[in-house]
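Colleague: this one's structure only:
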């Protein structure tokens, strides 16, 4: 009987490190497509898969015989091609994949170092996969270990000191580039997590009382401004009029296609547009208008402040915490991986021991059964200990070792 091809744990995807905002947008997965991708993964008998799709990265983690199987899934449900993926992708395998997820979950891979928004996104990604039954014990334990490490890094280091999220960077950009920013009309379009953070940052870091908020779902806007009374609400039907009034437009919608196009903008006034969306939700050709400036996520992320220097110094401490939690995860993994083989070996040896003691009891008049039990049990313990050392060799196949045991000890 031919042994099944071995599956490995992979993490594949694109991120800000090799792909600009436009390219990342092609590989971005809407909630609907994430759902469809996971359903297809289930139909194709992938052992476990989950998706992380944010403005800075789109990554799929899961078990496969070859990473190409996961890459095909990504390209099938996004607008990116396999050829494009090859030139800007990251592919991690087994322990490298585990390490990558630990680094993401602790903020070390965030575009702005130490940005912990990713933790909530990781939780949501896993929650979706779990609801569709595309997770397993391995992924569950791994995510729990990552979240524990993340909590410890946040509590015990200064990696997240200060506030330097993309929404914070957007407000800082306005402050640094518009001398009279407190008197400008600011329109925020979109009330997802990014839009909420932007509104809160505007309230905290400016004294601007001319902020207007529009969201497609009006109820969300109504609810939000109950706690933020300085912000004015407008409806989606008034989007054109509000854009005409605006000096600054902050776009944080979650659409697959541009929500802000040339038709909404006038050519006779200055307008600063900050696009916090991924994929980008502002059409590129708006900059054809002379007075329009368009800033996207990548440009905002270049904004640094003095806290980043402090954060850099915290990296070794964060990495040491990661190593500790990775070791605990791998100890659990090894124990789980070795258990069937060790149990099978012990069972076989115990059967031989019991048969031999029974035989000697019948054959020898003065046979000391208790002494024989002690000696043979010690032999079994020493043999299994050596076997565990053999299994801990990374090149060892547990399934092959189990097969050998069955062949050697079968009656």
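Modeller: Right, received. Where do you want to start? None of these values were measured; they are calculated from a predicted model. Numbers count the residues shown, from 1 in each chain.
Colleague: Distance of the spatially closest residue to residue 78 that is not a sequence neighbour relative to residue 340?
Modeller: Take residue 78 and drop its neighbours on the chain: the residue closest to it by Cβ to Cβ, 6 or more residues apart in numbering is residue 27, 4.7 Å away. Every C-beta, even on glycine, is put in place using the N, C-alpha and C of the backbone. As judged by Cβ to Cβ, to the nearest Å, residue 27 and residue 340 stand 38 Å apart.
Colleague: ok, the two, which is more surrounded?
Modeller: Shown here are residue 27 and residue 340; by other Cβ atoms under 10 Å, residue 27 has more neighbours (26 against 14).
Colleague: residue ranges of the strands in the protein, please?
Modeller: 8-15, 49-53, 57-64, 89-93, 186-189, 211-214, 232-234, 248-251, 271-275, 292-295 (DSSP state E).
Colleague: other SSEs contacting the third one?
Modeller: The reference is to strand 57-64. strand 8-15, helix 21-27, strand 49-53, helix 67-77, helix 95-105 (3 or more Cβ pairs under 8 Å, 6 or more residues apart in numbering; DSSP states H and E).
Colleague: same thing but 7 Å
Modeller: Based on contacts counted as 3 or more Cβ pairs under 7 Å, 6 or more residues apart in numbering; DSSP states H and E, the elements that strand 57-64 packs against are strand 8-15, strand 49-53, helix 67-77.
Colleague: Ok, the fourth one next?
Modeller: Contact here means 3+ Cβ pairs under 7 Å, 6+ apart; on that basis strand 89-93 packs against strand 8-15.
Colleague: and residue 149, how many residues sit next to it?
Modeller: 23.
Colleague: contacting residues around it?
Modeller: Applying Cβ atoms under 7 Å, 6 or more residues apart in numbering, we find residue 149 in contact with 102, 105-106, 321-322, 325.
Colleague: Tabulate those residues (JSON lines), appending neighbour count and pLDDT.
Modeller: What follows is those, written out as JSON lines (neighbours: other Cβ atoms under 10 Å; pLDDT from 0 to 100):
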{"residue": "102", "neighbour count": "25", "pLDDT": "97"}
{"residue": "105", "neighbour count": "28", "pLDDT": "95"}
{"residue": "106", "neighbour count": "30", "pLDDT": "95"}
{"residue": "321", "neighbour count": "22", "pLDDT": "97"}
{"residue": "322", "neighbour count": "23", "pLDDT": "97"}
{"residue": "325", "neighbour count": "21", "pLDDT": "97"}
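Colleague: ok so, going back, including distance to residue 134, mean pLDDT and mean neighbour count, could the strands of the chain go into TSV?
Modeller: Compiled in TSV, those are given as follows (distance: least, Cβ to Cβ, whole Å; pLDDT from 0 to 100; neighbours: other Cβ atoms under 10 Å):
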stretch	distance to residue 134	mean pLDDT	mean neighbour count
strand 8-15	14	96	23
strand 49-53	5	96	25
strand 57-64	8	96	25
strand 89-93	19	96	18
strand 186-189	34	94	26
strand 211-214	36	92	22
strand 232-234	39	91	16
strand 248-251	32	95	26
strand 271-275	32	94	24
strand 292-295	37	93	19
